[in-house]
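# Pasting the sequence and the predicted coordinates here, then a few questions.
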Amino acid sequence: RGSFPSAVTAAVAIAVAASLPFFAATVACAILYASFRAGGTASHDDMCADVADALLWIRNNPDAVGDCASRRVVIGGYSSGAHVVATVLSRPVLFRERGLPPPSSGEWIGAVLYVS
């Protein structure tokens, strides 16, 4: 069953987050952190809509994100964020409703990174 103690998991998450600016500079990409409404105040559907809206914002604001609109993106999440991202990617209707290419097309979503 193995799971890491929460302190170790938190340390890994901090280490990954700390290395992202270096990674971004190395591969010339933009790294964006999107939030979603938390459980208790929002339904799971609300959380998924927030993530899909963030993807739409990225697509519609190329000047703000280094022209990510014309490139493939890596989408990911940590813990509950990974779960929400996985759900979003399994619901093509969220993409269709926003005029985004579906994740299965490979046209825009280039990779998925889950950290749990």
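That came in fine, so what should we check first?
# How about residue 51: what's its closest non-neighbour residue?
Of all residues beyond its chain neighbours, the one nearest residue 51 is residue 88 (4.8 Å), with distances taken as C-beta to C-beta, 6 or more residues apart in numbering. In this view, the C-beta of every residue, glycine as well, is placed from N, C-alpha and C.
# Can you give me the buried ones in the helix or strand where the one you found lies?
Taking DSSP states H and E as the definition, one finds residue 88 inside helix 80-89. Of the residues in helix 80-89, 81, 82, 83, 84, 85, 86, 88, 89 count as buried by neighbour count, 16 or more other C-beta atoms under 10 Å.
# Hmm, residue 36 and residue 81 touching each other?
Yes - with the criterion set as C-beta atoms under 8 Å, residue 81 and residue 36 qualify as a contacting pair; they are 7.5 Å apart.
# Quick one: neighbours of residue 47, just the number.
The number of residues packed around residue 47, counting by other C-beta atoms under 10 Å, is 22.
# which ones are touching it?
By C-beta atoms under 8 Å, 6 or more residues apart in numbering, the contact set of residue 47 is 36, 37, 38, 39, 84.
# go with 10 Å
For residue 47, the set of contacting residues under the criterion of C-beta atoms under 10 Å, 6 or more residues apart in numbering consists of 35, 36, 37, 38, 39, 80, 81, 83, 84, 85, 87, 88.
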